[in-house]
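Peer 1: just coords:
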């Protein structure tokens, strides 16, 4: 049986490439995958199906963006529709590829089920993390509605404050997501 493993380096709490000292100097750290008999490779150097799936999904997205935004004039909704549809196409290609794998690694739709113990462990980490983010957003919503009641000058002052404060929160939020992700990965490694 061949097992593939992957890891992502997160920046600003997102699994996307951000400009910065770490990624400018170490572009290969952006998404590294372990490929049997080849070792650790950046995702851009993996040959075969993953690259084809990515290229096909990107192609579908580009064509549908042009169709939905330019031809059908759906604007942002058209871009969203194109993105969702391209992700569905990508997921479909991956699912078909997994259904055609050799017996020991083949996806069996009949065997997909919740595993109570594993689900409990995932929720043990995921629910508190999710509540943390929801609580933060809810608090901001309540504060903003209170500030709005003070008039235009208060709203303008609050907006200026939030823009400067967001720099601090982005850093701490990215750190929090990174620690949560790392903790979840380490717990998964113990399973």
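Peer 2: Everything's here; your move. This one's a predicted model, so the numbers in the text were calculated from it and none came from an experiment.
Peer 1: packing partners of the longest helix along the chain?
Peer 2: As assigned by DSSP state H, the longest helix anywhere in the chain is helix 152-190. With contacts taken as 3 or more CB pairs under 8 Å, 6 or more residues apart in numbering; DSSP states H and E, helix 152-190 sits against helix 116-148. Yep, even glycine has a C-beta here, placed from its N, CA and C like the rest.
Peer 1: quick one: secondary structure of residue 97?
Peer 2: helix (DSSP: H, G, I helix; E, B strand; the rest coil).
Peer 1: that one and residue 161, how far apart?
Peer 2: Using CB to CB, to the nearest Å, residue 97 is found at 50 Å from residue 161.
Peer 1: report how many residues lie close to residue 162.
Peer 2: 14 (other CB atoms under 10 Å).
Peer 1: actually residue 86, not the one I typed
Peer 2: Residues near residue 86, counting by other CB under 10 Å: 20.
Peer 1: and the pLDDT for it?
Peer 2: Residue 86 is assigned 93 on the pLDDT scale.
Peer 1: how about the secondary structure of it?
Peer 2: Assigned with three-state DSSP, residue 86 falls in the helix class.
Peer 1: distance of it from residue 71?
Peer 2: From residue 86 over to residue 71 (counting by CB to CB), the distance is 17 Å.
Peer 1: just residue 129 next, same as before
Peer 2: According to CB to CB, residue 129 and residue 71 sit 41 Å apart.
Peer 1: please say which of these two ends up with more neighbours.
Peer 2: Ranked by neighbour count (other CB under 10 Å), residue 129 and residue 71 place residue 129 first, with 16 against 9.
Peer 1: against residue 94, how distant is residue 105?
Peer 2: 13 Å.
Peer 1: compare those two (neighbour count), which wins?
Peer 2: Remark: of residue 105 and residue 94, residue 94 carries more neighbours, 15 against 11, as counted by other CB under 10 Å.
Peer 1: tell me how far that one lies from residue 52.
Peer 2: Taking CB to CB, one finds residue 94 at 11 Å from residue 52.
Peer 1: picking that back up, angle of the longest helix of the chain against helix 116-148?
Peer 2: In terms of direction (axes from the mean of the first three to the mean of the last three CA atoms, to 10 degrees), helix 152-190 departs from helix 116-148 by 170 degrees.
Peer 1: for helix 152-190, buried residues please.
Peer 2: Residues of helix 152-190 classed as buried: 158, 173-174, 176-177, 180-181, 184 (neighbour count, 16 or more other CB atoms under 10 Å).
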